[in-house]
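Visitor: Need coordinates for the following:
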Amino acid sequence: MTPVLIALLVIFLLLGIAGFWLAGLYNGLVTLRNRFKNAFAQIDVQLKRRYDLIPNLVETAKGYLSHERETLEAVIKARNIAATAATAAASDPSSPTALRGLAGAESGLAGALSRLMVVSEAYPELKANENMLRLTEELTSTENKIAFARQAFNDAVMVYNTRRETFPTVVVAGALGFQPAELFAVTDTTERAAPTVTFGQG
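Guide: Below is the predicted model:
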């Protein structure tokens, strides 16, 4: 076997090893990216459930809160903004802009819901309304599920980002099209505490 042939074989062997190595890195990143996208899908399910509950909650409260029209309208407006932001984030959970937009919209919605709950406390008949009790109980349950789903998403994003930023993956991640993922972070203190519902407890 001539030296030239040996050199060619070594080059092909090294290229083959490099190819398998790159494929392994690529496949690993795809798996982790799909994992956090799936985790976001679980958040999306719960957000949609909450967005569906809110109009019923407002409709129930409307009969009792005739003097609180601005509060009710603020809740519906915040709900619509959040639903739009959630749709954008669901289409690309890896987009930092979409995730930040959703986090901001969710903070606004949580603040509006909190104001509604505070106002509702002043109306004993509304507090005792069976439909209102059921809806607020479902809303509280959904808030808890959103919190758990968000934690799972953030955990999956952390694993992905850590793999992406670790050597040797960091050398090729950007070139392969893998950008850093954004955490679904809470940026507003009103959203840190999910709306608390105390109907039927006082």
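Visitor: just checking, what packs against the longest helix anywhere in the chain?
Guide: Taking DSSP state H as the criterion, the chain has its longest helix at helix 3-62. Packing contacts for helix 3-62, counted by 3 or more C-beta pairs under 8 Å, 6 or more residues apart in numbering; DSSP states H and E, involve helix 69-91, helix 96-120, helix 130-165, helix 169-173. For every residue, glycine as well, the C-beta is placed using N, CA and C.
Visitor: For the third one, buried residues please.
Guide: Burial within helix 130-165, assessed by neighbour count using 16 or more other C-beta atoms under 10 Å, is assigned to 132-133, 135-136, 138-140, 142-143, 145-146, 149-150, 152-154, 156-157, 160-161, 163-164.
Visitor: In contact with Glu165, which residues?
Guide: By C-beta atoms under 8 Å, 6 or more residues apart in numbering, Glu165 lies in contact with 173, 180.
Visitor: Give me the distance between it and Gln179.
Guide: 11 Å (C-beta to C-beta, to the nearest Å).
Visitor: that older thread, so which of the helices and strands packed on helix 3-62 is nearest Leu15?
Guide: Among the helices and strands packed on helix 3-62, the nearest to Leu15 by C-beta to C-beta is helix 169-173 (15.2 Å).
Visitor: picking that back up, avg pLDDT for the longest helix of the chain?
Guide: Helix 3-62 carries an average pLDDT of 92.
Visitor: ok and it relative to helix 96-120, angle-wise?
Guide: 20 degrees (axes from the mean of the first three to the mean of the last three C-alpha atoms, to 10 degrees).
Visitor: Off-centre distance for helix 3-62?
Guide: 16 Å (C-alpha atoms, centre = their mean, to the nearest Å).
Visitor: now do stretch 66-82
Guide: 22 Å.
Visitor: Equivalent analysis for stretch 145-163, please.
Guide: Here the centre of stretch 145-163 is set off from its chain's centre by 9 Å, with C-alpha atoms, centre = their mean.
Visitor: And for stretch 71-85?
Guide: Centre-to-centre, stretch 71-85 and its host chain are 17 Å apart (C-alpha atoms, centre = their mean).
Visitor: Please identify the buried residues of that stretch?
Guide: The neighbour-count check on stretch 71-85 (16+ other C-beta under 10 Å) flags 71-72, 74-75, 78-79, 81-83, 85 as buried.
Visitor: you'd agree Pro55 is up against Asn80?
Guide: No. Applying C-beta atoms under 8 Å, one finds Pro55 not in contact with Asn80, separated by 9.8 Å.
Visitor: which ones are touching Val75?
Guide: Contacts for Val75 (C-beta under 8 Å, 6+ apart) come out as 54, 57-58, 109, 112-113, 115-116.
Visitor: Can I get those residues in CSV including distance to Ala185 and neighbour count?
Guide: Formatted as CSV, those follow (distance: C-beta to C-beta, whole Å; neighbours: other C-beta atoms under 10 Å):
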residue, distance to Ala185, neighbour count
Ile54, 23, 22
Leu57, 26, 25
Val58, 28, 19
Leu109, 16, 28
Ala112, 20, 24
Leu113, 19, 27
Arg115, 23, 18
Leu116, 24, 22
